[in-house]
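J.: Pasted the sequence and its predicted model underneath.
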Amino acid sequence: MSHILIGLAVCASLLIYPGGLTLLCGAWLLSRSSSMAAAGWRRRTQVDKTIVPLALASLAVVPLPWPGNPALALTAGGLSQVGVGGLGLTALGLLGMELWLANGKRTSSPHTLLPVLTVLAILVLAEVVAAPDWASLLAATGTGAEAGRVGVGVACLLAFPWASGDPAGSRLAVACAAATRFAVAAFLIFPQVARTPVWLGLGVWLAACLAFGALWGVARRFELGRPAKPGLPGSADRLRLP
């Protein structure tokens with residue numbers, strides 16, 4: 001009976017809180033708002049390269065302590081005390097997804113290096129504060145722990161243009177990578193999200209994806225040096241700083 005309950009909880013977390021459909025909605029909102037905010041982007045739909053990154057992204061966000069996440073409420077075998085998957089599953093999902101999107105890039109390319117550095121930063125932070133799972137990491141007190149969480153979360157966001165693959169592929173796949181990074185960074189910077197009601201937590205995250213995509217599209221619209229090319233942002237060579 002416990003195995004059935006575990007299976008149902010994992011399926012529910014993949015489809016609702018917040019993997020699968022919820023992650024897909026967030027990625028669609030980010031992609032849609034980005035294309036609407038940036039001038040000259042042509043609309044297109046590519047799904048041939050979306051399934052693998054979507055599956056890895058779902059695994060990455062399932063262990064996050066989302067409000068009402070059924071995977072965190074399992075009582076069978078004491079799983080609610082250790083967290084299903086934990087930091088390791090998030091790290092593997094994030095790393096696998098972004099390296100899959102960076103397939104064909106040089107080893108020294110930012111597309112390859114930054115996903116590895118992001119995962120290492122999260123794991124090093126967890127080791128420093130002696131946190132075996134997400135709940136412990138977000139609950140760690142002290143100035144050092146708080147500063148570390150904010151620093152790693154901000155770095156996770158800033159690395160997105162280089163770490164989220166090549167927009168020449170599936171636009172939705174790149175949006176999944178962006179939504180996953182945004183979810184991880186949001187918990188690191190604002191751990192209070194875990195204590196919000198279910199509807200508020202998921203609603204705020206989807207609205208944040210919409211706003212984040214719009215801001216990114218506006219930023220590319222005012223890109224210096226050359227006009228924006230079609231596609232979703234995610235490549236370092238499309239970022240021109242003054």
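T.: Okay, I see it. Residues are numbered from 1 along each chain as shown.
J.: Flag the helix or strand of the protein with the lowest per-element mean pLDDT.
T.: Using mean pLDDT, DSSP states H and E, helix 79-82 stands out as the lowest-scoring helix or strand of the chain, at a mean of 52.
J.: Show me what the next helix or strand after it is packed up against.
T.: Next along the chain after helix 79-82, taking DSSP states H and E as the criterion, comes helix 86-101. Packed against helix 86-101 by the contact rule (3 or more CB pairs under 8 Å, 6 or more residues apart in numbering; DSSP states H and E) you find helix 51-61, helix 110-128, helix 134-139, helix 171-189. The C-beta positions use only the backbone N, C-alpha and C, and glycine is treated the same way.
J.: ok, now how distant is the residue sitting nearest the centre point of the chain from Leu64?
T.: Closest residue to the average C-alpha location of the chain: Thr180 at 1.2 Å, with CA atoms, centre = their mean. Thr180 sits 10 Å away from Leu64, going by CB to CB, to the nearest Å.
J.: Any idea how far the lengthiest helix in the chain is from the middle of the chain?
T.: Longest among the helix segments of the chain by residue count, using DSSP state H, is helix 198-221. What separates the centre of helix 198-221 from the centre of its chain is 12 Å, taken as CA atoms, centre = their mean, to the nearest Å.
J.: Point out the other helices and strands that that helix packs with.
T.: Helix 198-221 packs on helix 21-37, helix 171-189, going by 3+ CB pairs under 8 Å, 6+ apart.
J.: got the CA coordinates for that helix in CSV?
T.: This file holds the C-alpha atoms of helix 198-221, laid out as CSV (Å, rounded to 0.1, in the frame of the first residue of the first chain):
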residue,chain,number,x,y,z
VAL,A,198,-1.1,26.6,-2.4
TRP,A,199,-3.1,28.9,-4.7
LEU,A,200,-0.9,31.9,-3.8
GLY,A,201,2.4,30.1,-4.3
LEU,A,202,1.7,28.7,-7.7
GLY,A,203,-0.2,31.8,-8.8
VAL,A,204,2.6,34.1,-7.9
TRP,A,205,5.1,31.8,-9.6
LEU,A,206,3.2,31.7,-12.9
ALA,A,207,2.7,35.5,-12.8
ALA,A,208,6.4,35.9,-12.1
CYS,A,209,7.2,33.8,-15.2
LEU,A,210,5.0,36.1,-17.2
ALA,A,211,6.7,39.2,-15.8
PHE,A,212,10.2,37.7,-16.1
GLY,A,213,9.6,36.9,-19.8
ALA,A,214,8.2,40.3,-20.5
LEU,A,215,11.2,42.0,-18.9
TRP,A,216,13.6,39.8,-20.8
GLY,A,217,11.9,40.5,-24.1
VAL,A,218,12.0,44.3,-23.4
ALA,A,219,15.7,44.0,-22.6
ARG,A,220,16.4,42.3,-25.9
ARG,A,221,14.3,44.9,-27.7
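J.: list the buried ones in it?
T.: For helix 198-221, burial by neighbour count (16 or more other CB atoms under 10 Å) applies to 201-202, 205-206, 208-210, 212-214, 216-217, 219-220.
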